[in-house]
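In: Curious how this folds, go ahead:
(3 chains)
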Amino acid sequence: MPAQQELLRLIGVGGENEPDLPPERLEEMLEQLWREVAPQARAVGPSVRRRVLNQSLDGEERHLTPSLVVPPPAPSLPPSLPLQILDGPGIETQLSRLNFLPTGCDGVDDLLGGGLRQGQVTELTGEAGTGKTQLCLSAAASAAALGHRVVYVDTGGGFSSARIKEFHRGFVTADADTSEVEQHLALTLDLITVVRVHDVMHAFKVLEELGLGLLGDPGVKGDGGLEGEADSAMIGREMGLLVVDSLSSLLSPTLTRLHHQGYTTMASVASLLRSLAPVHNCAVLYTNHTVSAGGMGGDGGGGGGERGGAGGSGPSVKPALGIRWTSTPHRRLCLSRDGGGAGTSCGAEVIYGPGTGVRTRFRVVGDGIRTL
Amino acid sequence: MEAAEAAARAFLAPDETGAAFLSRNLTDPMLTGIPFVDAHGSLRAGQMLEVCGVGGSGKTEILMQAAVNCALPKARGGVSFGGCEGGVLLLDLDGKFDTLRFLKILTSRVKDAVIRGRSATMKQNETAAGAPSQPRKTPPLDAESEALIDAVYAECVGRFHMLRCHGSLDFLKALTVVERAFVEAEAERERRDAADASADDAADASAARTRARAQTQTRRLLLIDNIAAFYWLDRASRREQGAPLSLHAVHHAFAAKLLALRRVLCISHWSPYDRCRAPIVVTKATVGGGGAGATQTHKDFLPPTWTSAVTQRLVLDVEKSRGGGPHGGGVSFVARWDFPRGRSRARYDVDGDEGIKCRAA
Amino acid sequence: MDNGGANAWYKDAMQLTSVPLAPSVRSKLQRAGFVSVRDVKKTRGPVELALEAGLTNEEASEVMKVVRFGVDGTALAGAKSASELLREETGKLPIYTFSSELDALLGGGVAAGEITELCGCPGIGKTQMCVQLCASVQIPHAFGGYDGEAVYVDTEGSFMAERAEEIAEATARHLRSVSNASPEDAGMSDAIASFTAERMLERVHLFRCHEVTELLAVLEALPAYVKKHRVRLVVVDSVAFHFRQDFRDMALRTTILAKMTQRLQQLASENALAVVTVNQVTVKPDPRGGGARLVPALGESYAHACTTRIILSWEDDTRTAYLYKSPRLPQGRARYTVTEGGIRDVRGTKRPAE
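Out: The predicted structure follows:
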């Protein structure tokens, strides 16, 4: 019997009309499986332990001085997704490699419990013009300024390097040396890789390739491939932050078809994102736009006093990816906007995940996002 | 003829006495620390508890609390922690189990218990000495307490194992090795304890503790997060065309394996490993049902083999109320027992820091 | 193993679910035990694959072709770093609206590589602005323009050739006066020689669509067309007209709109051209307190499709443009007016000192 079929028989999905495995073969296969899955024994010192537990309490440096930041060392994980038991020390080792990435807005960082955590998937949802793209750009700028590699998947043409430059100016203290700032800006911009994606199959390819630590042909320079000194194959491995803006515009056309192919695509993307984050130690941030819910909309007045003023967060709109998508991210932030005219502020609220119900307000200004 | 008769007698001889059976089976139930689960005290070996709910209703939270409670020891160094002292294996299919949060909850539980223990002994000493009891703030931790906290934390972390599965194939492979995983983990712990005991001063207390621990049957807990995680992925493979990992085949296999893991009553000698004697807690994510039906019957997409494997089912529903919740969010939850019926329901909220908080119904 | 070999191994571990295959073909492959791309590549050819998996020869060769996409370069080959994009952005030429206030609001003009949406009530000047942009995009390089052709997709029948000629004449006159003001610039005078109204109208390609299927067909044909004719501006006037009338099924409408905007976005970014879409407004009752407000049509889901959204309205008898959504510009207002020659500043607006 071919090996694949034997494995299937062992785990119980073989057909009924196939013969049982002989007991010695069973023993052998169980042994083999165990060896593959067994945890590697590693001891972890108490200093690592303390660092893991305290790292969200003292925040990352949120206002940078432009010194050359050393990028974190690339984790040495095998390229495929391992099936392995993690024991306690293994978990701690894994956690000690995580960083909290600031988003550039202190209030939002507090909502997230310190920032975008590597290994977690965060979703931004909200109506048009509520600042989702701005927050994505700000997070990309902050992460790159700290030395992490950022991959920005852009579907709507919203990426603007000029805006990243403006955000970068906002991180720098007023009395910094101009040439150092220029140098740091160049480094920051080099660390951001932008991929323009217009349909879901292309997005799949990109995500899987990132997951496998591969980048485009490192062959001919200047053909539109990546420039910069970094070895191109390292990008997938070194990736610290993945931003997808916006994921829903890729997926929602597939969902409204009558047959279930759409749900499968959605489930594949969800599982891909959720496995990419911890295995490659990167934070994933994506946006989900809203569609009208066709609901009553008359309930906006009740249900908690201050909520009525927030506008738009009542039942008149719902996230585009639907109910089945609710449990995909680790955390979901809903952005809203009040009023119109100059000086509008936006609000962010956690609507799913740890810290549900906590809110903050912010305003997007020329060189950053200010918490109110 | 005698050989045949002897064989027949051997076959008819009883396997074990009733006392032996009871001593094997009648163990304390596993406590999860969640009132509406522990109130019925039925998380014993051989039980499979299924927790169903929509996204955000706190299923992973329940698993996290159960894991923490199981990993904590009963008592160490004069401080009672109130745990079950068992090994925990978590199969994470969803990828939503937050290990950092788990470690944080564990640390804070251990610390709180030690602080409470210390202040209780101090108060005891005070009243014994006859000093007037004055309101005292939390005493600072001395080096001994810190060492105790570190030791207990290391012990608990050593009891927890996690396996992340990325597909149904992985999950089935994992189920095949669950028993072996528990056995090996316990063996590892014993080896480490023996090494520690021989390294330390062979004080009577520690040696006696090691011996006592080795003798009691080690508790185990198997947690599975979200058995419905790969539903749509598996559904894409067609059963009619005989794809091996089709939805039907996969569900059948899950159910069969879990049923086998649950059974503890039959003693069979062909497997060299102990029959797994862990209670199993499985979560299942459902898509929001219609209406706020209090008497909504639960529709299962899993086959009947699964339904027979499940011994208890807890359904978490969202209850939209006005002005409820700690942050004015207005969403609270109701936990009701779908099977066995007749148990009371409970209202609770899921809080960011404290996890599941029950409210007076 | 050398780096190339290691990379190849990584590529092959991809799962079959993320390769675009028909579901029946994929399930046949799965039944035969193929789980990842590597399994498929291990077979020696399409014939063997067909035998093992029970596919027809055509299906098997299709699968092999799809699976070998790695040979042509990977998905990330088109990726660019942000520093490259910065260089591109600073070198981008905007398309002028001829109202300096509005141009300042838009950061120089309508930007290429993205979808800009104009919405407003009837009579506010949406079509006028589109025709003006069709003229501006043809401004020669010597004058700082894009020097490209324009595609005008007309669904409502609002394109009037006489008006277009007037605007073209006015633009040519303006350019001539600029060229006369600096006679030493030879480039300008050369360019202006061939710049007549007839020539300008020749370079505007008009597509008249009477229903939604025609609109979609035109959009399907556009990628090849824009490459052939060096088009730098695509105007769709208006998107909302057919979609509001011809559709009973809202879900279908949302899907088709989404696909359409995806295609337009792809067109814009791959060919470095500007896409301008025109939208109507509709009335939405305000949940808080009575009354109603005007919102752009086509619903909430369409609001996310455009990159930049400009809402045109009347304020104190002046036409005002409000920048509602932009990835890199702050919100703001600008006033403009419609004259015989096209879109111009409101009289009395001081030009900012250069």
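
In: from the middle of its chain, how far away would stretch B:183-201 be?
Out: Chain-centre distance of stretch B:183-201: 23 Å, with CA atoms, centre = their mean, to the nearest Å.

In: go on, stretch B:188-202?
Out: For stretch B:188-202, the separation from the chain centroid amounts to 26 Å (computed by CA atoms, centre = their mean).

In: any weak-confidence spans in the stretch 151-300 of chain A?
Out: A:211-238, A:256-260, A:293-300 (pLDDT under 70).

In: ranges for the strands of it?
Out: Using DSSP state E, counting those that start in this stretch, the strands of the stretch 151-300 of chain A run over A:192-196, A:239-245, A:283-288, A:290-292.

In: Quick one: list the elements packing against the first one.
Out: Read it as strand A:192-196. In terms of contacts (3 or more CB pairs under 8 Å, 6 or more residues apart in numbering or on different chains; DSSP states H and E), strand A:192-196 is packed against helix A:132-145, strand A:149-154, strand C:80-81, helix C:82-90. (Each C-beta comes from the backbone N, C-alpha and C, glycine too.)

In: Now distance to chain B and mean neighbour count too, for those, in CSV please.
Out: Below are those laid out as CSV (distance: least, CB to the nearest CB, whole Å; neighbours: other CB atoms under 10 Å in any protein chain shown):
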stretch, distance to chain B, mean neighbour count
helix A:132-145, 19, 28
strand A:149-154, 20, 25
strand C:80-81, 30, 20
helix C:82-90, 30, 18
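
In: Out of the strands of the stretch 151-300 of chain A, which one sits most buried?
Out: Greatest average neighbour count among these goes to strand A:283-288 (a mean of 27), per mean count of other CB atoms under 10 Å in any protein chain shown.

In: By proximity to chain B, which residue of the stretch 251-354 of chain C wins?
Out: Closest to chain B within the stretch 251-354 of chain C is C:P287: 17.5 Å, counting by CB to the nearest CB.

In: doesn't C:R293 make contact with that residue?
Out: No - C:P287 is not in contact with C:R293 according to CB atoms under 8 Å; the separation is 10.5 Å.

In: And these two? Which one has more around it.
Out: The residue with more neighbours, out of C:P287 and C:R293, is C:P287; 16 against 10, by other CB atoms under 10 Å in any protein chain shown.

In: mind checking pLDDT for the more buried one?
Out: Listed pLDDT for C:P287 reads 72.

In: So in chain B, where's the weakest helix or strand by average pLDDT?
Out: Scoring the helices and strands of chain B by mean pLDDT, DSSP states H and E places helix B:204-215 at the bottom, with a mean of 54.

In: For chain A, see how far away C:E214 is.
Out: From C:E214 over to chain A the distance is 21 Å, taken as CB to the nearest CB, to the nearest Å.

In: Then B:F182?
Out: Distance, B:F182 to chain A, using CB to the nearest CB: 11 Å.

In: Output the longest helix seen in chain A as PDB - backbone C-alpha positions only.
Out: When chain A is parsed with DSSP state H, its longest helix is helix A:261-279. Below are the C-alpha coordinates for helix A:261-279, written out as PDB (Å, rounded to 0.1, in the frame of the first residue of the first chain):
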ATOM      1  CA  GLN A 261     -17.000  28.100  -3.600                       C
ATOM      2  CA  GLY A 262     -16.900  31.600  -2.000                       C
ATOM      3  CA  TYR A 263     -17.100  30.200   1.500                       C
ATOM      4  CA  THR A 264     -14.200  27.800   0.700                       C
ATOM      5  CA  THR A 265     -12.100  30.700  -0.600                       C
ATOM      6  CA  MET A 266     -12.900  32.700   2.500                       C
ATOM      7  CA  ALA A 267     -12.000  29.800   4.800                       C
ATOM      8  CA  SER A 268      -8.700  29.200   2.900                       C
ATOM      9  CA  VAL A 269      -7.700  32.800   3.200                       C
ATOM     10  CA  ALA A 270      -8.700  32.900   6.900                       C
ATOM     11  CA  SER A 271      -6.600  29.800   7.700                       C
ATOM     12  CA  LEU A 272      -3.700  31.100   5.600                       C
ATOM     13  CA  LEU A 273      -3.600  34.400   7.500                       C
ATOM     14  CA  ARG A 274      -4.000  32.700  10.900                       C
ATOM     15  CA  SER A 275      -1.200  30.300  10.200                       C
ATOM     16  CA  LEU A 276       1.100  32.900   8.700                       C
ATOM     17  CA  ALA A 277       1.100  35.100  11.700                       C
ATOM     18  CA  PRO A 278       2.500  32.800  14.400                       C
ATOM     19  CA  VAL A 279       4.700  30.700  12.200                       C
END
